[in-house]
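Peer 1: generate coordinates for the sequence data below:
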Amino acid sequence: MASQKMKRSMCTALATGVLSLTLVAIPAMPASADPVVANPTEALERLAELSRQSEQTTEALHNAQIDLDGKQSAQRTAEARLASDRELLAAAGARIDQFRPAVGKLAAASYQGARTNRLYALMVSDSPQQLLDQMSALDAISNETAKAVSGFKQATSEAAVAAEASRVSADAARAATEQAKLVSDELQNKQSELQKQIDSVTRAFDQLTGAERAQLAGSPFPAGFDAGRILANLAPGSGSAALQAGLTQVGKPYSWGATGPDAFDCSGLVVWAYKQIGKVLPRSSQAQAGGGTPVDKGQLQPGDVVLFYNDASHVGLYAGDGNVLHASTYGTPVKVDSMASMPFYGARRY
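Peer 2: This next block holds a predicted model:
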C-alpha cells in the first residue's frame, strides 16, 4: 500500500509553467530545512517530491543548454559576417583611392575654367586637321574622365553598402554576444539551484532504511510484463531497435544529467537508446517533444518517445501493453512501468 501511495504521489506532483526552448522557470524549493519524516511512507513521498522537482530542473537545464548553444552559434555566424563585411568595406575604400586623383584633377580643371567640349575645339582651331586632332583628344579626355567618374561613383556606392552591412553585422554580433551571455548567466543560476535540490534529495535518500530503498526501487517490470514476448514481436524499425537497446539498460541507476552507459536521467536514456541505432535526438525532454512525428496515444508503437506531465519534463520509450521504459527518479533504477503511473503529455515517433 505504501508503494502504491508513493506512486500516486509521484503521479500527481504538480509541474508549474510550460518549459520552452528558451529559459524555463525553476520549481520553487521549500524555504525551510528538510522536515523530519514520521514514517516510511512519508519519507518516500518526500523523496519523490524532491526528485520530481530536481528532474524538472534537470530538463530545464538541458533546454537552456540547447538555447545557449544556438545563441553561441548565432554569435559566431554574426562575427564571421562582420569580418567579411569589413573586408568588403576596406576593398571599396581602396577602389575609391584609385579613382580619387583623376576625379580630383577633373574637379580642379573645371574650377579653373578648362574647356573640354567640341564647340570650344571648333572656335580655337586654325585648320580642319587641327580641329580633328583637338576633337580626338577631347574624345579621349572625355572617355577617361567618364570612366574615372563612373568608377568613383560605383566605388563610393559599394563603400556605402559595405559600411551599412558592416554596421548591421556589428549590431548582430553584439546582440548575439549579449544574448549568449544572458543565457550563460541564467544557466549558471539553474545549475546552482539544481545542486541545492540534488543535495536535498540525497540527504533524504540517505535517511531511508534498506527496506525503504528496496520499496522505492520496486520491480524492474510491472506484473505480467513479458520482455521476451515484447522483443520477439517487435516489427522492424528504428523505434523498436531503440527500445531493444534501451531494455538492455534495465537496472542501471538514475543520475541527473547522465547519458549512460553507467547511469541515466530520463532524456539521457532516450538519447542513448537512439544513439545505438545511429539517430541523434535532442538532449532535453521538451526538445524531444518538438521533434519527430506526433503520435496519438492509441497508435503507439514500441520505441515511440512518450512524454509526461504538463510541461513534458519526463520522457521514456513506449514498451508495449501500455508500459514505458524510463529512467524514472533518483533511487530507482531504469525500469519498465505502467504509463498510468504518470500524466500523459504526448508522443513522438523518430
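
Peer 1: tell me which helix or strand comes right after the top helix by length along the chain.
Peer 2: Taking DSSP state H as the criterion, the chain has its longest helix at helix 128-206. Heading C-terminal from helix 128-206, the first helix or strand you meet, by DSSP states H and E, is helix 210-217.

Peer 1: for that following helix, name the packing helices and strands.
Peer 2: Applying 3 or more C-beta pairs under 8 Å, 6 or more residues apart in numbering; DSSP states H and E, one finds that helix 210-217 contacts helix 2-11, helix 40-111. Backbone N, C-alpha and C define where each C-beta goes, glycine included.

Peer 1: what is the rounded mean pLDDT of the longest helix of the chain?
Peer 2: Per-region confidence: helix 128-206 scores 77 on mean pLDDT.

Peer 1: and it, how far out from the chain middle?
Peer 2: Centroid displacement of helix 128-206 relative to its chain, using C-alpha atoms, centre = their mean, to the nearest Å, is 25 Å.

Peer 1: K196 is nearest to which of the helices and strands packed on helix 210-217?
Peer 2: Proximity to K196 (C-beta to C-beta) singles out helix 40-111 among the helices and strands packed on helix 210-217, at 9.4 Å.

Peer 1: give me the mean pLDDT for the closest one.
Peer 2: Rounded mean pLDDT across helix 40-111 is 80.

Peer 1: buried ones in stretch 214-226?
Peer 2: Using 16 or more other C-beta atoms under 10 Å as the test for burial, stretch 214-226 gives Q215, L216, G218, P220, F221, P222, F225.

Peer 1: ok, stretch 340-349 next?
Peer 2: S341, M342, Y345, A347, R348, R349.

Peer 1: list of residues touching that stretch?
Peer 2: Residues external to stretch 340-349 that are found in contact with it (C-beta atoms under 8 Å, 6 or more residues apart in numbering): 7, 10-11, 239, 288-289, 291-297, 300-301, 304-312, 314, 318, 322, 324.

Peer 1: repeat that for stretch 171-178.
Peer 2: With C-beta under 8 Å, 6+ apart, stretch 171-178 has contacts from K71, A74, Q75, T77, A78, E79, R81, L82.

Peer 1: sorry, back to before: just name the most buried of the helices and strands packed on helix 210-217.
Peer 2: helix 40-111 (a mean of 18; mean count of other C-beta atoms under 10 Å).

Peer 1: return the distance of that one from the chain's centre.
Peer 2: Centroid separation between helix 40-111 and its chain, computed with C-alpha atoms, centre = their mean, is 14 Å.

Peer 1: now that helix against helix 210-217, angle please.
Peer 2: 50 degrees (axes from the mean of the first three to the mean of the last three C-alpha atoms, to 10 degrees).

Peer 1: show me what helix 40-111 is packed against.
Peer 2: For helix 40-111, where contacts count as 3+ C-beta pairs under 8 Å, 6+ apart, the packed elements are helix 2-11, helix 128-206, helix 210-217, helix 266-275, helix 285-289.

Peer 1: now render those as JSON lines, adding distance to A94.
Peer 2: Output for those, formatted as JSON lines (distance: least, C-beta to C-beta, whole Å):
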{"stretch": "helix 2-11", "distance to A94": "69"}
{"stretch": "helix 128-206", "distance to A94": "9"}
{"stretch": "helix 210-217", "distance to A94": "73"}
{"stretch": "helix 266-275", "distance to A94": "51"}
{"stretch": "helix 285-289", "distance to A94": "47"}
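
Peer 1: any idea which of these gets closest to P333?
Peer 2: helix 210-217 (6.1 Å).

Peer 1: right, and the helix or strand after that closest one?
Peer 2: Counting by DSSP H and E, what follows helix 210-217 is helix 227-232.

Peer 1: list the buried residues for the helix or strand following that next one?
Peer 2: Using DSSP H and E, the helix or strand that follows helix 227-232 in sequence is helix 238-247. The neighbour-count check on helix 238-247 (16+ other C-beta under 10 Å) flags G239, S240, A241, A242, L243, Q244, A245, G246, L247 as buried.

Peer 1: equivalent analysis for stretch 178-195, please.
Peer 2: Q179, A180, V183, E186, L187, K190, E193, L194.
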